[in-house]
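Trainee: Here is a sequence with its predicted model. Questions after.
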Amino acid sequence: MAVPDDTVAPGFGALLGASSSMLSVYKTARSLASTKAGLLITGETGTGKGCLVRAIHDASPRAGRPLVTVQASGLVESLLESELFGHERGSFTGADRRRIGKFEQANGGTLFLDEVGEMPLSVQVKLLRFLQERTFERVGGNQSITADVRLITATHRQLDVEVERGRFREDLYYRLNVVRIEMPPLRERGDDTELLTNAFLERFALRNDKPIKGLTDGAWAVLRAHRWPGNVRELENTIERAVVLCDEPQIDAQHLRIESPRTKPPLPTLADLERDAIVYTLAAVNSSARAAEILGVSLRTVQYRMKKYGLACRRTIGP
């Protein structure tokens, strides 16, 4: 497949793709690699945020220093704080020795904080202080520690929405969002699906010592029709599985183990559920007062909803 811009290779590090959206990602990432600027990477799960971080680190002056990754999701508050900043012996039950945190481990290099939107508010405070002062203390310690760390964060959440909901500090959001790169979902990358499929096929066929030369028209039709909710990661796993299952010269649709897209049944909205609850309750008791009692809301609420949804019953006072 031809690359739209001959001056830009269709990839950056382990990332591959020649769509205009990916070429824009490469251009921005390359321009940032040589700087010390922090970076926020957004995008759906599986779009390659971690690969982008690795590519930026490897292209930066810090390439010879550590790239340390921390997953903010899945860790309770105390463990995440210890993971990031370390702890002193005796700082909590089970802390039988001093632990060096990821910030110290990444000194001189890059710290990649993935799923930063999952971080508890108390840990956000300590992270904000580091970004402002470049110092921190280990859990249970009082010694200020300085670390030369380039921080890159990533999230699949909309942090501005999380700020509005009170789940993410606004001042930290602005600190992290100085420079942002949005990783596009695979379904919006055009022919990149074919380019990636061929690259994955070559890799996994070689790894599994299988002489598979391509895909049938039926297999290509399935791939092009699929929406790839898991993005590049899902495509990679799909091709690897297909290679393992295939004992023929070409991968066919049956080897892909993905279903053709179907129209999903519409899910009810909260308003639909609320209306149905009131309708069914009124049908059973025919009294707004009794319905309010059963539903655990005020009579005024039921009467307001009845008016909103155009409902009626014969009685509005006691059963």
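Mentor: Cool, the structure landed.
Trainee: How far away from the center of its chain is the helix or strand bottoming out on mean pLDDT in the chain?
Mentor: Of all the helices and strands that make up the chain, helix 270-285 has the lowest average by mean pLDDT, DSSP states H and E, namely a mean of 76. Between the centre of helix 270-285 and the centre of its host chain there is 36 Å, according to Cα atoms, centre = their mean, to the nearest Å.
Trainee: I'd assumed Gly108 was in contact with Arg62.
Mentor: Yes - in this structure, Arg62 sits in contact with Gly108. The criterion is Cβ atoms under 8 Å, and the distance is 6.8 Å. Using the backbone N, CA and C atoms, a C-beta is placed for each residue, glycine as well.
Trainee: can you give me the strands in this protein?
Mentor: Taking DSSP state E as the criterion, the chain carries its strands at 11-12, 15-16, 39-42, 67-71, 110-114, 135-136, 145-146, 150-155, 180-182, 214-215, 250-251.
Trainee: if we can go back for a sec, Arg62 and Gly108: which is more packed in?
Mentor: When neighbours are counted by other Cβ atoms under 10 Å, Arg62 and Gly108 differ, and Arg62 comes out ahead with 21 against 12.
Trainee: So this protein: which segments form each domain?
Mentor: Dividing the chain into domains by automatic domain parsing, as the record does, gives the ranges 11-182, 188-256, 270-309.
Trainee: What is the distance between the last one and the centre of its chain?
Mentor: The chain centroid and the centroid of domain 270-309 are separated by 39 Å, computed with Cα atoms, centre = their mean.
Trainee: which parts of it are buried?
Mentor: Burial within domain 270-309, assessed by neighbour count using 16 or more other Cβ atoms under 10 Å, is assigned to 275, 278, 281-282, 285, 287-293, 295, 299, 302-303, 305-306.
Trainee: So, low pLDDT: which residues of the protein?
Mentor: Flagging of the chain using pLDDT under 70 yields the residue ranges 1-9, 259-269, 271-272, 308-319.
Trainee: Geometric centre of the protein: which residue is closest?
Mentor: Of all residues in the chain, the one closest to the mean position by Cα atoms, centre = their mean is His156, 2.9 Å from it.
Trainee: Give the buried residues for stretch 99-113.
Mentor: When neighbours are counted by 16+ other Cβ under 10 Å, the buried residues of stretch 99-113 are found to be Arg99, Gly101, Lys102, Phe103, Glu104, Ala106, Asn107, Gly109, Thr110, Leu111, Phe112, Leu113.
Trainee: re earlier: which residue is the nearest non-sequential neighbour of the residue nearest to the centre of the chain?
Mentor: The spatially closest residue to His156, leaving aside those adjacent along the chain, is Thr45, at 5.1 Å (Cβ to Cβ, 6 or more residues apart in numbering).
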